[in-house]
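Visitor: Provided below for reference: sequence and predicted model.
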Amino acid sequence: MKTWIGIDLGSTTTKAVVLDEQGAVLGRGITNSRSNYDAACEVARREAYLDARRGLFAQRLRQDGAFTGSTTGILDELIRATRLEQHLDHLDALMRIAREEGPGLGCTQGGALGTIEAGMRALALDRHTQGMQPRSEFFRDVAGSDWIECARSLPNVDAANVDVYNGLFDKAILLVEALQNLGSTERVLSAALERALVGVETTPAEEQLLRKAIQEVCAVEFEETGAVGTGYGRARLPFPEEAIRSEILCHGLGAHASFPGTRTVLDIGGQDTKAIQVDEHGVVTSFQMNDRCAAGCGRYLGYIADEMNLGLHELGPLALKSDRPVQINSTCTVFAGAELRDRLAMGQSHEDILAGLHRAIVLRATGLLARSGGVFKEFTFTGGVANNTAAVDVLRTLVKENYDIDEINISPGSIYTGALGGALFAWREDHGLKTPQLMQTTEEVTV
Amino acid sequence: MSAEQKQEPGTLREPSMLRQKAMTEGHYKRLAQAKETGKKVVYTFVPGNLTELLLAFDVLPVLPEINALQSGMRKRSGEYIAEAERQGHSEDVCTYVKCDIGMLLEGNVGPTGELLPEPDLLLLSYTGCFTFLKWFELLRERYDCPVAMLHVPYQSQGEIEPGMVEYVVEQIQTEVIPKLEEITGRKYDEDRVRELLGHSARAEDDLVAVLESAKHRPSPIDSYFGGVYYIGPLFTAFRGTLEAVEYYAQLRRETEERVRRGLGPITPAGEMSEERFRLVVEGPPNWTHFHQFWSMFHEQGAVVVASTYTKVGGLYDRGFRHDPSRPLETLAEYCLGCYTNLSLPARVDMIADYVNDYEADGFLINSVKSCNSFSAGQLVMLREVEERCGKPGAFIETDLVDPRYFSASNVKNRIESYFQMLDQRRAAETGEASPDRAPQRVTPS
């Protein structure tokens, strides 16, 4: 099966989108960016292909008609179970490396690593059973907090000893993240299916059908026909130079593909905020990026989340609970912690502070929009911050006030917009089309 | 603004480059020997400089901002700025000033490694930049020498009004000339000034021909990165000299020869083989990473066909010429007409005209942290020019000589994105090549 891929190597996350022969999105993958760019790129790619196989599986279920059970139910369970299986694969690798590196770092307490491993496994399974959303979708973050929790509860350890064990995690996680081929896709998907079947009512015949479908989609051979890299780290991607595009073009095209009426795009990325104007074909006509200072970019929210010991996805909902947002002027990421502590010391609530800083970020972004020429219909918001409800809320108010535009297009896959644009560039290279014939997926919505 | 001190071996150089380098070295040598030769020394600035008047009194000019940019190119400015900050100058002060003050504090050794002489007079020739005023206050404190201050009114109505010329002429007569007479013991010799102004006009004609050669395709010159070398002699100590006349005649001949042979500009990486983008640039260059900055353009096949920075010492291509028949008036008009003294609408006109006349694909604003004279209003200018020309503008931020404010990866990211956008737009407009093809790196021949 021919595929085309776009990879967006951002400062915080690396994203990949795989397209099929028709230019439709087959799969998407994401991982945290890391010092090893090749690994980040490869992990995102593998994630996208795994997702593609899962997508093919879903197609098959819908087409076959032989499966009478709840398609949505089994697919949702499969997604959750896949995450768990991948997590467990990573955990195995982490502990294997930890056992190799442990003695060298003074982690010699008998049975300690076994206790940590058992504890971490139990935490992961508990979350899965209870349907809890982990604080982050990345193994590093989840495993990091699990490890600390388990190391603290080791018998007969003092604080210094816990630090030694935490140091071991820091070393081992780097090595795990450099691994590019953790666990076979077939094993992950097959095991995930078995796990999913537990939670869904099925007949033995249906189970057989599902197992066969998984085996079939795992046997599909992908022939990667084109690849385009983009993002802040694009120059480091293992692609030839002609296969590298700036994220400006990719976000422009990706937004156009998701919402063909798009004229203005706002992307708030990890360290860049971009205001992009595109024409009716998705061709960029002008753009502006944040100045030399990255204050108020997505990374800022990451720091704030860390400071508040919250998950990124928890920030928006919390900010929306505010009834008296505070005014925050500085969105300097480096000073974020000090600003936050100062505010808390003044007795201001987490909710009010968060509301204030979401507003500050969006104000900076709207300044950039003004610089780029304003906001024109349709207006599409891309990047990870577009998933943050509080940020969207403020943006909607400001865009209404300043440009009298009511609607903002946001795709649930907004974080993949750059990678989608890259994949489309790759796809068009072989299909000779100047404008993409998209391929609206069902997920795109206007909020 | 001479040729750089260190050129890579095998760098392509035309004879005019070597001549210019020798001229600059000669000037610094004369400065180093000023005390022995009994020459008087005047510190002054590039905008509105009265070089012909100074040369008529046989004094030697020192231009502190040129020393600062030279220090930037020689990678010394970071250390000088740190020294000035140790003395209490804020991080927000213009880095030209701090670089100069730092150099002074570290012994006042000039770009060629020779000692710079102390001033006999500080001639503040342009007050549109408030920082210049403060800069000379600092130098006055240090050197305890007389100051001649020429107050130059801003062109708030977008043009030089008759009263302004009279006002400046009067100051030249009552403030500048008497002080020059006093320090040199010579009388003002108007015939000598006329003679020098005549030389200036000849050199100015040739410079304009060189700058306008960029209207050709391919452009034989880069009017920004190369342009800063071309303006060197005329904007500094050589205007009015026969040396400058000869230099510009030679430069013009070489340029015309390049046009005849259809050659592109010479860059540090060699001759540019393919002209892919034609740009207009507003704002001064970054000096600390000058070559790296330039390479972000020439590696992509981008040539700057017109720039405003090469007009800070005179808008010759907009028609100004020094006129020997009206010596003091022409000097006054020169002071009033320097680029940063123009109103914002006049600057927008100029950039828009450049984009159109030089058939540019777009324009770029390099907004420098140090210089409010340049940077104030640039975002408005960006929008105006975009609207008027229908060409997209790029906006980047660097600094003059503070290396801390040049983030190569950020600047490169924006410039690359900009070129890719131009490529995509062009393909969409012409319907020719696939708009998807990424720009190819141009290998200089």
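Guide: Cool, got the structure.
Visitor: Need phi/psi at A:Glu137.
Guide: When read as degrees, to the nearest 10, the backbone of A:Glu137 gives phi -90, psi 0.
Visitor: Which residues are in contact with it?
Guide: A:Ile30, A:Arg83 (CB atoms under 8 Å, 6 or more residues apart in numbering or on different chains). For every residue, glycine as well, the C-beta is placed using N, CA and C.
Visitor: Need the pLDDT of it.
Guide: Looking at A:Glu137, its pLDDT is 84.
Visitor: what does A:Phe239 give?
Guide: Model confidence at A:Phe239, given as pLDDT, is 72.
Visitor: what does the stretch 151-300 of chain A put close to chain B?
Guide: Counting by CB under 8 Å from any CB of the partner chain, the residues of the stretch 151-300 of chain A close to chain B are A:232, A:241-249, A:272, A:279, A:281, A:283-289, A:291-292.
Visitor: what does stretch A:200-218 rub up against?
Guide: Stretch A:200-218 is contacted from outside by A:53-54, A:56-57, A:60-61, A:64, A:66-70, A:73-74, A:77, A:185-186, A:189-190, A:193, A:197, using CB under 8 Å, 6+ apart.
Visitor: what does stretch B:156-172 give?
Guide: Against stretch B:156-172 from outside (CB under 8 Å, 6+ apart): B:50, B:53, B:150-153, B:155, B:328-329, B:331-333, B:335-337, B:342-343, B:345-346.
Visitor: same check, this time on stretch B:414-421
Guide: Under CB under 8 Å, 6+ apart, the answer for stretch B:414-421 is A:245-249, A:284-287, A:289, B:276-277, B:296-297, B:300, B:302, B:362, B:364, B:392, B:394-396, B:438-439.
Visitor: what ranges do the strands span in the stretch 251-400 of chain A?
Guide: Taking DSSP state E, counting those that start in this stretch as the criterion, the stretch 251-400 of chain A carries its strands at A:264-268, A:273-278, A:284-289, A:379-382.
Visitor: The last one - what's its average pLDDT?
Guide: Model confidence over strand A:379-382, given as mean pLDDT, is 96.
Visitor: try the second one
Guide: Along strand A:273-278, the predicted confidence averages to a pLDDT of 94.
Visitor: Show me what that strand is packed up against.
Guide: Here strand A:273-278 touches helix A:247-258, strand A:264-268, strand A:284-289, helix A:350-371, going by 3 or more CB pairs under 8 Å, 6 or more residues apart in numbering or on different chains; DSSP states H and E.
Visitor: redo that, cut-off 10 Å
Guide: helix A:247-258, strand A:264-268, strand A:284-289, helix A:350-371, strand A:379-382, helix B:408-430 (3 or more CB pairs under 10 Å, 6 or more residues apart in numbering or on different chains; DSSP states H and E).
Visitor: Double-check B:Ser77 against B:Leu69; I have them as touching.
Guide: Yes - shown here, B:Ser77 and B:Leu69 form a contact pair, counting by CB atoms under 10 Å, at 8.4 Å.
Visitor: Please enumerate the shared neighbours of the two.
Guide: With contacts taken as CB atoms under 10 Å, 6 or more residues apart in numbering or on different chains, the residues that reach both B:Ser77 and B:Leu69 are B:Tyr96, B:Cys99, B:Trp287, B:Thr288, B:Leu400, B:Val401.
Visitor: Does the second one touch B:Asp402 like I think?
Guide: Yes - here B:Cys99 reaches B:Asp402: they are 8.0 Å apart, a contact under CB under 10 Å.
Visitor: Restricted to strands, list the shared contacts of B:Ser77 and B:Leu69.
Guide: Residues of the shared contacts of B:Ser77 and B:Leu69 located in strands (DSSP state E): none.
Visitor: Can you add neighbour count and pLDDT and give those residues back as TSV?
Guide: Converted to TSV, the shared contacts of B:Ser77 and B:Leu69 look like this (neighbours: other CB atoms under 10 Å in any protein chain shown; pLDDT from 0 to 100):
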residue	neighbour count	pLDDT
B:Tyr96	32	95
B:Cys99	32	97
B:Trp287	29	97
B:Thr288	27	97
B:Leu400	26	96
B:Val401	30	96
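Visitor: among these, which two are most distant?
Guide: Taking CB to CB, the two most distant members of the shared contacts of B:Ser77 and B:Leu69 are B:Tyr96 and B:Thr288; they sit 12.1 Å apart.
Visitor: Residues that sit against both of those two, list them.
Guide: Common neighbours of B:Tyr96 and B:Thr288, using CB under 10 Å, 6+ apart, are B:Leu69, B:Ser71, B:Gly72, B:Ser77, B:Asp399, B:Leu400, B:Val401, B:Asp402.
Visitor: what's the burial count for whatever residue of chain B ends up closest to chain A?
Guide: As assessed by CB to the nearest CB, chain A sits closest to B:Ser417 within chain B, at 3.7 Å. Look at B:Ser417: counted by other CB atoms under 10 Å in any protein chain shown, it has 24 neighbours.
Visitor: Leaving out chain neighbours, which residue sits closest to A:Ala98?
Guide: Excluding the flanking residues, the one nearest A:Ala98 by CB to CB, 6 or more residues apart in numbering or on different chains is A:Ala172, at 4.5 Å.
Visitor: neighbours around that neighbour, how many?
Guide: Here the number of neighbours of A:Ala172 (other CB under 10 Å) works out to 23.
Visitor: what about it, is that helix, strand or coil?
Guide: When classified by DSSP: H, G, I helix; E, B strand; the rest coil, A:Ala172 comes out as helix.
Visitor: which residues are common contacts for B:Cys99 and B:Asp402?
Guide: Taking CB under 10 Å, 6+ apart as the criterion, B:Cys99 and B:Asp402 both touch B:Gly72, B:Ser77, B:Gly78, B:Ile81, B:Trp287, B:Thr288, B:Ser370.
Visitor: thought the first one was touching B:Glu79?
Guide: To tie it back to what came earlier, the one meant is B:Gly72. No - B:Gly72 is not in contact with B:Glu79 according to CB under 10 Å; the separation is 11.3 Å.
Visitor: Tell me which of the two has more neighbours.
Guide: Neighbour tally, B:Gly72 and B:Glu79, criterion other CB under 10 Å: the higher count belongs to B:Gly72, 28 against 14.
Visitor: give me every residue that touches that one.
Guide: Under the criterion of CB under 10 Å, 6+ apart, the neighbours of B:Gly72 are B:78, B:80-81, B:95-96, B:99, B:285-290, B:399-403, B:406.
Visitor: restrict the residues you listed to those near chain A?
Guide: With CB under 10 Å from any CB of the partner chain as the criterion, those include B:Asp399, B:Phe406 near chain A.
Visitor: What does the pLDDT read for A:Ser153?
Guide: pLDDT, A:Ser153: 86.
Visitor: what's the neighbour count on it?
Guide: Residues near A:Ser153, counting by other CB under 10 Å, number 12.
Visitor: Now it: closest residue in space, sequence neighbours ignored.
Guide: Among residues not flanking A:Ser153 along the chain, A:Gly119 sits closest, at 7.1 Å (CB to CB, 6+ apart).
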